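Novice: what would the 3D arrangement of this be:
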Amino acid sequence: MKLYLKFDINAICKKVLQEQLDALNIDYSILGFGEVEIQNSASNETVKKLQDNLGEYGISVVESHKSILVQKIKDAIIEMIYSDEKISNEKTSVYLADKIGQSYGYISNLFSDVTYTSIANFIILQKVERAKQLILTNELTITEIAWKLNYSSVAHFSNQFKNATGLTPSAFLRIIDKRKSALQKKN
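Specialist: Down below sits the predicted model:
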């Protein structure tokens, strides 16, 4: 039997973080996506254990100032794209500058220097990944997905999706449907 799952990556990360912090009896406050404040000082051994435990889930503690800022940029983009609501019509540059508290020029240059890609490319890749998830759930049409991800048209969405995956969203959906159908026939 095969199950198809829908999940909220933000909720999962928050739950894992809470469980690991609670297991180590660390007094904390979650300030936002990807940001935790430890209330009382924790021993180096406890912090190391937390890092090891989180590492098992692919979560790591960021330490350099530049890396922290880049991670905040990534988190803000992911939070925007993975929201259950339609992505705002507000310009991404304005959204990120407000969210990060720095000029867009500065965060754009920093992001490119550290990641060797642009914020625009990162956003496209995240939108494509989100679109794949939405296509897999079969809850929205391609047109609704394009609207939800704030594309100006279905054609624009399809072009970016195809450039990133080599397939149009419709072709991706047909492949998924064929695989589901083949699996159902087996069972």
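Novice: and the nearest residue to Ile87 once chain neighbours are set aside, how many neighbours?
Specialist: Nearest residue to Ile87 in three dimensions, chain neighbours excluded: Asn150, at 3.8 Å (Cβ to Cβ, 6 or more residues apart in numbering). All C-beta atoms are positioned from the backbone trio N, CA, C, and that covers glycine. Number of residues near Asn150 (other Cβ atoms under 10 Å) recorded here: 16.
Novice: and the next element down the chain from the lowest-mean-pLDDT helix or strand in the chain?
Specialist: Lowest on mean pLDDT, DSSP states H and E among the helices and strands of the chain sits strand 28-32, with a mean of 79. For strand 28-32, the following helix or strand on the C-terminal side (DSSP states H and E) is strand 35-38.
Novice: pull the residues that contact that following strand.
Specialist: Leu17, Leu21, Ile26, Asp27, Tyr28, Ser29, Ile30, Leu31, Lys72, Asp75 (Cβ atoms under 8 Å, 6 or more residues apart in numbering).
Novice: about what we covered before: list the contacts for the residue nearest to Ile87?
Specialist: Lys86, Ile87, Ser88, Asn89.
Novice: and the third one, what pLDDT?
Specialist: Per-residue confidence at Ser88 stands at 74 (pLDDT).
Novice: rewinding a little: adding neighbour count and distance to Asp8 as columns, could you present the contacts of strand 35-38 in a markdown table?
Specialist: Output for the contacts of strand 35-38, formatted as a markdown table (neighbours: other Cβ atoms under 10 Å; distance: Cβ to Cβ, whole Å):
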| residue | neighbour count | distance to Asp8 |
| --- | --- | --- |
| Leu17 | 19 | 14 |
| Leu21 | 19 | 19 |
| Ile26 | 17 | 24 |
| Asp27 | 12 | 26 |
| Tyr28 | 17 | 21 |
| Ser29 | 9 | 21 |
| Ile30 | 13 | 15 |
| Leu31 | 9 | 19 |
| Lys72 | 21 | 20 |
| Asp75 | 18 | 14 |
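Novice: so which of those comes closest to Thr46?
Specialist: The nearest member of the contacts of strand 35-38 to Thr46, counting by Cβ to Cβ, is Ile26 at 6.7 Å.
Novice: burial count for the residue nearest to that closest one when sequence neighbours are not counted?
Specialist: With Cβ to Cβ, 6+ apart as the criterion, Ile26 has its nearest non-adjacent residue at 5.5 Å, and that residue is Ala42. Using other Cβ under 10 Å, the number of residues around Ala42 comes to 18.
Novice: my guess is Tyr28 contacts Gln20. True?
Specialist: No - counting by Cβ atoms under 8 Å, Tyr28 stays clear of Gln20, with 10.1 Å between them.
Novice: for the residue nearest to Ile26, give me its contacts.
Specialist: Counting by Cβ under 8 Å, 6+ apart, Ala42 has contacts Leu24, Ile26, Leu50.
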